[in-house]
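Novice: what shape does this take:
(one chain, ligands or ions: 1)
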Amino acid sequence: MSGRGRSSGENYRAITLRLEPTKKQKRLLERNLQTVVKMLEISRYEFQKQIYHKFKEEQFDVSSRLLDLMVQRISKSLMSNKVLPLDERNYKFVNPSGRGWFIEVLLRSAKGRSRKEAKELIPICRTDNKYYSDIIDGTAYPAVIYQQGDDYFLTVTIPVEKRWEDERPVVVIGIDLNQRKHAASLYNPETGRFEWNTFFDLEPVDRKIKEIQRKISQIQRGRKPTELTEEEREQINKLYERIRKVIDKGHGDFIRKLLEVADAYWEKGYDVVFAVEELKGITKRAGKDYAPFNRWLHSQWCYRRFGILLDSRQYEVVEVSPAYTSKLCHRCGSEVKIHGKHKRLITCPSCGLKDFSRDLNSARNIAIKAYKEFYAKRAKDAGNVEMEADAGIAG
Ligand SMILES: [Zn+2]
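Specialist: Numbering: from 1, shown residues only. Predicted coordinates for the structure are as follows:
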């Protein structure tokens, strides 16, 4: 994401596909895959150091002890992973006579230093068909095959073309990320109205994470990472991985909802922009509002992850400063009174907006703010939108 309005440069989307190699192909893959440590020619210690400092720089929201453990886990599993990097020199996607998707990959067929290579058609699992529209026959974007247990996967980065046409009017979908509930609202400057709203309840996600965290502390029983057995560390590592997946799934479900609406507006002839708050503001506010709530759900990592996932799709993502988005009324711009259970409601003494969702009010302010900051001038220049004088926050 960028704070400069329309993001520039290339965008990529990484997708992972399960491969279904035959027995013979498995044997060949076994011969061709190499450990990450060998490929990167970097010592595990060096690698750990780098991850550790990266997390520190990002002010990742965990204690040093936990960080230590995580870094050890990550590096160990990562470095011992077996991988085969691919590019246009040794593979491509093919769909021979519409039989389904395969990768045609060049594999070394003999042992040792021999350069003998053979082409193999490895099938891609058919249940991965939600990705079929992303794969193009004959393409070979950078990819990597990796092994996990007995399974083989292919992760490929595909360039994403952003949907944008300069002559179209724009609608902005403002998104307010919260710990209990996300809210989004679509602002159409042409009509001056909010034409669609949605909420996404995070309680189920939170419940699952807490359950996993309980399991982690049951294993840890207050001990230091160094006091854990290899097996226990392995278990904990798997549980952290599950937390990551739960969050990704939550993000994915919410993003799918957002994209459905974005697609519909694109079809109707609009450019669609997603607007979110800058990361800094969110976590600051999260700390204040929900101190005892969930560490994972309000970590910077979690929000950044959302941003990355959203930005890897077809629509522009812009960031706005979070100043006043939760304090002012989206309808008239006056300061609101915050009240209700968990302080999730607002009432505006100025225009009479009563018991309105605080999250939705923020989402709407974010949409208006992004529109004013990045697109209002363009629309005015093009003369296709009348500037609305009183919609929400000023400047
Ligand atoms: Zn008001």
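
Novice: hang on, Lys181 packs against Phe200?
Specialist: Yes - applying C-beta atoms under 8 Å, one finds Lys181 in contact with Phe200, separated by 6.7 Å. Using the backbone N, CA and C atoms, a C-beta is placed for each residue, glycine as well.

Novice: so what's His182 up against?
Specialist: For His182, the contact set (C-beta atoms under 8 Å, 6 or more residues apart in numbering) comprises 175-176, 199-200, 202, 254, 359.

Novice: so which of those residues belong to helices?
Specialist: Among the contacts of His182, the residues falling in helices (DSSP state H) are 254, 359.

Novice: which ones among the contacts of His182 are found in strands?
Specialist: Mapping these onto strands (DSSP state E) picks out 175-176, 199-200.

Novice: pipe those residues into CSV and attach distance to the ion and neighbour count per row.
Specialist: CSV is the format used below for the ones in strands among the contacts of His182 (distance: C-beta to the ion, whole Å; neighbours: other C-beta atoms under 10 Å):
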residue, distance to the ion, neighbour count
Ile175, 21, 27
Asp176, 17, 28
Phe199, 21, 18
Phe200, 25, 20
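
Novice: how about those residues, which pair is most distant?
Specialist: Ile175 and Phe199 (11.2 Å; C-beta to C-beta).

Novice: what's the overlap in contacts for the two?
Specialist: What both Ile175 and Phe199 touch, as defined by C-beta under 8 Å, 6+ apart, is the set 182-184.

Novice: now those as CSV including distance to Lys119 and secondary structure?
Specialist: Formatted as CSV, the shared contacts of Ile175 and Phe199 follow (distance: C-beta to C-beta, whole Å; DSSP: H, G, I helix; E, B strand; the rest coil):
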residue, distance to Lys119, secondary structure
His182, 47, strand
Ala183, 51, strand
Ala184, 47, strand
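
Novice: and those residues, which is closest to the ion?
Specialist: Nearest to the ion out of those is Ala183 (C-beta to the ion; 17.5 Å).

Novice: report the central residue of this protein.
Specialist: Leu309 (2.5 Å; C-alpha atoms, centre = their mean).

Novice: and this protein, which of its residues are near the ion?
Specialist: 329, 331-332, 334, 348, 350-351, 353 (C-beta under 5 Å from the ion).

Novice: redo that, cut-off 8 Å
Specialist: 329-334, 336, 348-353 (C-beta under 8 Å from the ion).

Novice: out of those, which are inside helices?
Specialist: Using DSSP H, none of these sit in helices.

Novice: show me which of these are buried.
Specialist: 329-333, 336, 348, 353 (16 or more other C-beta atoms under 10 Å).

Novice: can you give me the helices for the protein?
Specialist: 23-32, 36-40, 44-57, 64-80, 203-220, 230-267, 279-289, 300-311, 358-370, 376-382.

Novice: tabulate those (TSV), appending mean pLDDT.
Specialist: Output for the helices of the chain, formatted as TSV (pLDDT from 0 to 100):
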stretch	mean pLDDT
helix 23-32	92
helix 36-40	70
helix 44-57	73
helix 64-80	72
helix 203-220	91
helix 230-267	91
helix 279-289	55
helix 300-311	82
helix 358-370	96
helix 376-382	70
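
Novice: about what we covered before: what's the most distant pair in the buried ones among the residues of the chain next to the ion?
Specialist: Gly333 and Leu353 (11.3 Å).

Novice: shared neighbours of those two, anything?
Specialist: Between them, Gly333 and Leu353 share no contacting residue, judged by C-beta under 8 Å, 6+ apart.

Novice: tell me the domain boundaries of the chain?
Specialist: If you go by automatic domain parsing, the domain ranges for the chain are 11-160, 170-382.

Novice: okay, those domains, which one's buried deepest?
Specialist: Ranked by mean neighbour count under mean count of other C-beta atoms under 10 Å, the domains of the chain are led by domain 170-382, which reaches a mean of 18.

Novice: circling back to that earlier point, with adjacent residues omitted, what lies nearest to the residue nearest to the centre of the chain?
Specialist: Residue nearest to Leu309 in three dimensions, not counting chain neighbours: His251, with 5.2 Å by C-beta to C-beta, 6 or more residues apart in numbering.

Novice: list the contacts of the closest residue to Arg31 other than its chain neighbours.
Specialist: Closest residue to Arg31 apart from its sequence neighbours, by C-beta to C-beta, 6+ apart: Arg108 at 6.3 Å. By C-beta under 8 Å, 6+ apart, Arg108 lies in contact with 28, 31-32, 114-117.

Novice: hmm, which two among those residues are most spread apart?
Specialist: Going by C-beta to C-beta, the pair spanning the contacts of Arg108 furthest: Leu28 and Arg115, at 14.7 Å.

Novice: per-residue confidence at whatever residue of the stretch 101-250 of the chain ends up closest to the ion?
Specialist: Here the stretch 101-250 of the chain gets closest to the ion at one residue, Phe194, 13.9 Å apart by C-beta to the ion. On the pLDDT scale, Phe194 is placed at 98.

Novice: ok, now Gly3?
Specialist: So, for Gly3, pLDDT stands at 35.

Novice: phi, psi of Tyr324?
Specialist: For Tyr324, the backbone dihedrals are phi 70, psi 0 (criterion: degrees, to the nearest 10).

Novice: quick check: it touching Ile366?
Specialist: No - counting by C-beta under 8 Å, Tyr324 stays clear of Ile366, with 10.6 Å between them.

Novice: shared neighbours of these two, which are they?
Specialist: Joint contacts of Tyr324 and Ile366 (C-beta under 8 Å, 6+ apart) do not exist.

Novice: low-confidence stretches in the stretch 51-200 of the chain?
Specialist: Along the stretch 51-200 of the chain, the model assigns pLDDT under 70 to residues 55, 57-64, 66, 110-114, 128-133.

Novice: in it, which spans are strands?
Specialist: Using DSSP state E, counting those that start in this stretch, the strands of the stretch 51-200 of the chain run over 82-86, 91-94, 102-108, 117-123, 143-148, 151-160, 170-176, 181-188, 193-201.

Novice: tell me which of these sits nearest to Leu17.
Specialist: strand 151-160 (4.9 Å).

Novice: is it true that Phe199 touches Ala183?
Specialist: Yes - between Phe199 and Ala183 there is a contact under C-beta under 8 Å: 5.4 Å.
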